[in-house]
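Undergrad: I'd like to go over a predicted model; first the sequence, then the structure.
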Amino acid sequence: MNDSPWATEQVPAGPAYDALVGPHTRPMPIVPDAAGRDFDDREARDRGAAADGGPPFRAETPPQEPMPSPPPPPSQAPQDASPPPQKKRAGRDLRAAIGVGVGLGAVIFASLFIVKAVFVGVIVVAVVVGLWELTSRLQEKKGIKAPLVPLAVGGAAMVIAGYVRGAEGAWVAMALTALAVLVWRMTEPPEDYLKDVTAGVFAAFYVPFLATFVAMLLTADDGPERVVTFLLLTVVSDTGAYAVGWRFGKHKLAPRISPGKTREGLLGAVAFAMAAGALCMEFLIDGGAWWQGLLLGLAVAVSATLGDLGESMIKRDLGIKDMGTLLPGHGGIMDRLDSLLPTAPVVWLLLAAFVGTG
């Protein structure tokens with residue numbers, strides 16, 4: 001046996017040792033003190049352990065397993081990443097649109113049944129504002145300078161002439177307005193002359209000439225009732241198309257022109273307008289019959305839809321959503337006249353065929 005104090009002490013093996021120091025504890029080297037005694041260097045860190053009769057080694061604390069974290073409260077539970085399905089919503093502010101619509105309706109009905117001439121003034125104002133919107137958008141987006149002054153003066157003259165002299169007066173005023181546009185544009189440089197006057201003649205026909213038929217409806221003995229029938233059928237057609245198309249629309253009617261319109265919406269417009277037409281011809285128009293109202297409603301639904309698509313073509317060509325911002329929730333005046341303008345001559349013609357113009 002080596003008597004050197006640096007010799008390694010023999011460590012007993014077996015169950016007793018394992019029970020004392022644990023199976024995973026390695027023996028530390030023996031360090032002699034000044035008196036020649038050997039002691040474990042861990043004994044220096046655990047002062048008093050040997051003096052108290054305790055074991056020369058401290059059993060290592062076995063590693064503890066991490067405690068499982070409690071589940072998060074319900075308020076912090078992970079949510080589904082996919083958003084809930086959203087309901088269909090209208091593209092405009094319906095509250096503002098309804099308010100403006102009610103206000104316009106009150107003005108129209110009050111002027112219709114109090115003094116007919118006042119309603120003619122309402123038509124003139126709508127025509128002049130519509131021409132201003134149309135010519136402004138043409139100049140802004142396409143650089144087309146359709147002369148507004150002769151259009152506004154000629155448009156007002158067209159409406160008044162149609163009310164006073166009928167269709168003949170409207171045609172004469174239309175011709176004079178076109179001539180005025182040609183002459184007025186001659187005061188500008190010749191560049192783009194043809195483009196500007198073509199747009200001017202188109203604007204004269206599209207807005208004031210078609211609106212003249214509304215004034216011509218008013219000249220009959222039951223003129224206010226005829227105008228109400230015209231307005232009511234057009235509004236009901238638009239409402240039916242919107243309601244049915246929003247709820248059941250799946251098949252696009254003309255996606256390249258107006259992506260929001262559907263075939264189901266067109267069927268809704270026809271059904272609503274035919275029902276309203278039968279009621280109007282039976283109870284509002286003198287000498288009218290319900291079956292005439294069915295035909296009238298069908299024609300109104302078709303013409304109103306075509307008018308809406310026609311203005312959608314114009315706005316797509318110009319790259320705009322609305323013609324103006326004058327009417328909150330509706331856009332501009334022209335955005336409300338789009339289905340009314342082409343419908344006016346259709347209603348005037350059919351009523352003249354069914355019950356005459358008197």
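TA: Looks like it came in fine.
Undergrad: The top strand by length along the chain: partners in the sheet, and parallel or antiparallel?
TA: The longest strand of the chain (DSSP state E) is strand 258-262. Paired strands of strand 258-262, with direction, are strand 252-254 (antiparallel) (DSSP bridges).
Undergrad: Can you point out the buried residues in the strand it pairs with?
TA: Going by neighbour count (16 or more other C-beta atoms under 10 Å), the buried part of strand 252-254 is 253-254. Bear in mind the C-beta positions are built from the backbone N, C-alpha and C, glycine included.
Undergrad: now stretch 162-172
TA: So stretch 162-172, judged by 16+ other C-beta under 10 Å, has buried residues 162-163, 167, 169-171.
Undergrad: Show residues contacting that stretch.
TA: 120, 158, 161, 173, 209, 212-213, 215-216, 218-219, 357 (C-beta atoms under 8 Å, 6 or more residues apart in numbering).
Undergrad: circling back: ok, then the element right after the longest strand of the chain?
TA: helix 263-283 (DSSP states H and E).
Undergrad: What is that following helix packed up against?
TA: When contacts are defined as 3 or more C-beta pairs under 8 Å, 6 or more residues apart in numbering; DSSP states H and E, helix 263-283 packs onto helix 223-248, strand 252-254, helix 290-318.
Undergrad: Give me the distance between the lengthiest helix in the chain and the centre of its chain.
TA: Secondary structure of the chain read by DSSP state H shows that its longest helix is helix 148-185. Computed by C-alpha atoms, centre = their mean, to the nearest Å, the chain-centroid distance of helix 148-185 equals 37 Å.
Undergrad: Mean confidence (pLDDT) on it, please.
TA: Averaging pLDDT along helix 148-185 yields 96.
Undergrad: do the same with stretch 292-312
TA: Averaged across stretch 292-312, the pLDDT comes to 96.
Undergrad: if we can go back for a sec, pull out the buried positions in the longest strand of the chain.
TA: For strand 258-262, using 16+ other C-beta under 10 Å, the buried residues are 258, 260-262.
Undergrad: Make TSV from these and add distance to residue 323 to it.
TA: Formatted as TSV, these follow (distance: C-beta to C-beta, whole Å):
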residue	distance to residue 323
258	15
260	17
261	18
262	23
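Undergrad: so where's this protein shaky on pLDDT?
TA: Residue ranges of the chain with pLDDT under 70: 1-94, 96-97, 101, 329-330.
Undergrad: rerun that using 90 as the cut-off
TA: By pLDDT under 90, the low-scoring segments of the chain are 1-117, 260, 324-332, 336, 357-358.
Undergrad: do you know which of the helices and strands packed on helix 263-283 lies nearest residue 280?
TA: Residue 280 lies closest, by C-beta to C-beta, to one member of the helices and strands packed on helix 263-283: helix 223-248, at 4.3 Å.
Undergrad: quick one: the closest one to chain centroid distance?
TA: 21 Å.
Undergrad: Would you mark the buried spots in it?
TA: Quick answer for helix 223-248 (16+ other C-beta under 10 Å): 223-238, 240-242, 244-246.
Undergrad: go on, stretch 338-356?
TA: 338-348, 350-352, 354-355.
Undergrad: Also stretch 288-297?
TA: 288, 292-297.
Undergrad: what's in contact with that stretch?
TA: 229, 233, 237, 270, 272-282, 347, 350-351, 354-355.
Undergrad: Try it again at 10 Å.
TA: Contact partners of stretch 288-297, identified using C-beta atoms under 10 Å, 6 or more residues apart in numbering, comprise 222, 225-226, 229-230, 233, 236-237, 240, 269-285, 346-347, 350-351, 353-355.
Undergrad: As PDB, could you dump the C-alpha coordinates of that stretch?
TA: What follows is stretch 288-297, C-alpha atoms only, in PDB (Å, rounded to 0.1, in the frame of the first residue of the first chain):
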ATOM      1  CA  GLY A 288    -105.700  52.300 -68.400                       C
ATOM      2  CA  ALA A 289    -105.900  48.500 -67.900                       C
ATOM      3  CA  TRP A 290    -103.900  46.200 -65.800                       C
ATOM      4  CA  TRP A 291    -102.600  44.100 -68.700                       C
ATOM      5  CA  GLN A 292    -101.200  47.300 -70.300                       C
ATOM      6  CA  GLY A 293     -99.400  47.900 -67.000                       C
ATOM      7  CA  LEU A 294     -97.700  44.500 -67.400                       C
ATOM      8  CA  LEU A 295     -96.300  45.500 -70.800                       C
ATOM      9  CA  LEU A 296     -95.400  48.900 -69.500                       C
ATOM     10  CA  GLY A 297     -93.500  47.500 -66.500                       C
END
